[in-house]
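J.: structural data only, the sequence is not supplied:
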């Protein structure tokens, strides 16, 4: 694994592209399976991670450490500099491939984000981002993504029933 520093401007977005992330209002409480979801555009953490950290900074979360499953991401630098601040990273083979973990406040607060795979279509990704902030969410990333992929049946308004004579 590389040990390099990556920098990014404080605004955190390449070419004006928004970071696709949703967070629960009680992020870090530990009461739900997920504290939100992240829908990156690629599996290249060297590009995606600084943008995510900058977007979370804007929401008041000063992330100090980012951990991820090694087998589903390209290798990431051990330290990332965003807005003049260092964020440490760590990859583990034992982590669920559908989740990343963020810690802040001296490692006293933790949030698990469901990762919507970058190859997911935009509609399913948007649904997953919304589902992850609802109450009563399934505990597995696979179940959340399956729910996001399901499409409701079209609703046909009930017409008055008339009988032919």
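T.: Nice, I can see it. Given the structure is predicted, the values throughout are model-derived calculations rather than measurements.
J.: the residue lying closest to residue 55 once chain neighbours are set aside - how many residues pack around it?
T.: Using Cβ to Cβ, 6 or more residues apart in numbering and skipping the chain neighbours, the partner closest in space to residue 55 is residue 19 (3.8 Å). Any C-beta I mention is one placed from the backbone N, CA and C, and that applies to glycine too. Neighbour count of residue 19, defined by other Cβ atoms under 10 Å: 20.
J.: same check on the one 3 residues further on?
T.: As a burial measure, residue 22 scores 20 neighbours (other Cβ under 10 Å).
J.: which non-adjacent residue is nearest residue 74?
T.: residue 44 (5.0 Å).
J.: any idea which residue sits dead centre in this structure?
T.: In the chain, the centroid-proximal residue (Cα atoms, centre = their mean) is residue 38; its distance is 1.7 Å.
J.: ok, what's across the strand from that one?
T.: Beta bridges link residue 38 to residue 21, residue 115, judged by DSSP bridges.
J.: how about residue 81?
T.: Listed by DSSP bridges, the beta-bridge partners for residue 81 are residue 86.
J.: re earlier: what pLDDT is listed against the residue nearest to residue 55?
T.: pLDDT recorded at residue 19 is 71.
J.: what do you get for residue 155?
T.: Residue 155 is assigned a predicted lDDT (pLDDT) of 55.
J.: any idea how far residue 72 is from the residue nearest to residue 74?
T.: To residue 72, residue 44 is 12 Å away according to Cβ to Cβ, to the nearest Å.
J.: for the chain, which helix is longest?
T.: In the chain, taking DSSP state H as the definition, the longest helix is helix 45-58.
J.: now that helix, how far from the centre of its chain.
T.: Centre-to-centre, helix 45-58 and its host chain are 11 Å apart (Cα atoms, centre = their mean, to the nearest Å).
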